[in-house]
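K.L.:
structure of the sequence below:
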Amino acid sequence: MANPWFMTATIPFLPPSSNHLYVGQGKRRRLHPQAEAFRARFNGQIAQKMFEINQLPHDGIKVFFVMFDFYFPTLLNKSWDGTAEGAKTRYKKLDVSRRITFVEDCFAKAIGVDDLYSFGVCGTKHHDPDNPRIEILIVERDPTEFGIPLLEVPCGKGRGR
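P.N.:
You can find the predicted model right below:
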């Protein structure tokens with residue numbers, strides 16, 4: 001693939017914790033109000049990238065790799081000092097995997113591409129007390145990288161006829 005399409009986006013705020021993503025209503029679950037507010041703000045941020053989104057080569061064949069880098073105000077437990085009285089671990093428990101799933105869903109809806117085309121998804125967490133945010137990178141990938149054979153269009157079908 002000569003020049004794959006890619007896009008970056010910075011979301012200057014973080015999603016709610018996994019405890020504030022969904023709420024149950026009987027047998028159903030819906031977005032927590034904090035998650036709904038995040039999604040609305042997220043959509044506003046992504047809407048600023050419409051020029052790049054409109055260049056997205058979505059033909060139902062291409063696939064994408066998406067990277068989510070979460071920058072938290074802290075990853076450290078303040079009370080950790082290695083004694084029995086302090087926190088048990090040096091690092092805070094921040095469930096990033098559920099946040100990745102939630103942000104991936106928000107992103108897919110915002111750019112209009114079903115997340116079934118995301119063949120690679122990666123997330124990392126970073127410590128940045130001065131600038132909490134999400135950095136997103138989406139890159140077009142060749143489906144053959146994931147073992148998918150090249151598409152063979154039967155004669156007389158598809159484009160050009």
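
K.L.:
how about low-confidence regions in this structure?
P.N.:
Filtered on pLDDT under 70, the chain yields the residue ranges 1, 84, 153-161.

K.L.:
in it, which spans are helices?
P.N.:
Using DSSP state H, the helices of the chain run over 33-47, 50-54, 96-111.

K.L.:
dump these into a markdown table; add distance to P12 and mean neighbour count as well.
P.N.:
For every residue, glycine as well, the C-beta is placed using N, CA and C. Output for these, formatted as a markdown table (distance: least, CB to CB, whole Å; neighbours: other CB atoms under 10 Å):
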| stretch | distance to P12 | mean neighbour count |
| --- | --- | --- |
| helix 33-47 | 7 | 15 |
| helix 50-54 | 17 | 12 |
| helix 96-111 | 14 | 18 |
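
K.L.:
columns distance to P73 on top of those, output as CSV?
P.N.:
Below are those laid out as CSV (distance: least, CB to CB, whole Å):
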stretch, distance to P73
helix 33-47, 16
helix 50-54, 28
helix 96-111, 14
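
K.L.:
what about the residue nearest to Y91 when sequence neighbours are not counted, neighbour count?
P.N.:
Closest residue to Y91 apart from its sequence neighbours, by CB to CB, 6 or more residues apart in numbering: L75 at 5.6 Å. When neighbours are counted by other CB atoms under 10 Å, L75 registers 17.

K.L.:
do L137 as well
P.N.:
Burial measure for L137: 14 neighbouring residues, criterion other CB under 10 Å.

K.L.:
also I136?
P.N.:
When neighbours are counted by other CB under 10 Å, I136 registers 20.

K.L.:
circling back to that earlier point, specify the stretch among the helices of the chain that is closest to A2.
P.N.:
Among these, helix 50-54 comes nearest to A2, with 18.5 Å by CB to CB.

K.L.:
so what touches the closest one?
P.N.:
Helix 50-54 has contacts (CB atoms under 8 Å, 6 or more residues apart in numbering) with 7, 46, 111-112.

K.L.:
give me that answer again for 6 Å
P.N.:
Contact partners of helix 50-54, identified using CB atoms under 6 Å, 6 or more residues apart in numbering, comprise 7, 111.

K.L.:
export it to PDB, keeping only CA atoms.
P.N.:
Output in PDB follows, covering the C-alpha atoms of helix 50-54 (Å, rounded to 0.1, in the frame of the first residue of the first chain):
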ATOM      1  CA  MET A  50     -14.700  16.400   8.800                       C
ATOM      2  CA  PHE A  51     -12.300  17.200   6.000                       C
ATOM      3  CA  GLU A  52     -10.100  14.300   6.900                       C
ATOM      4  CA  ILE A  53     -13.100  12.000   7.600                       C
ATOM      5  CA  ASN A  54     -14.500  12.800   4.100                       C
END
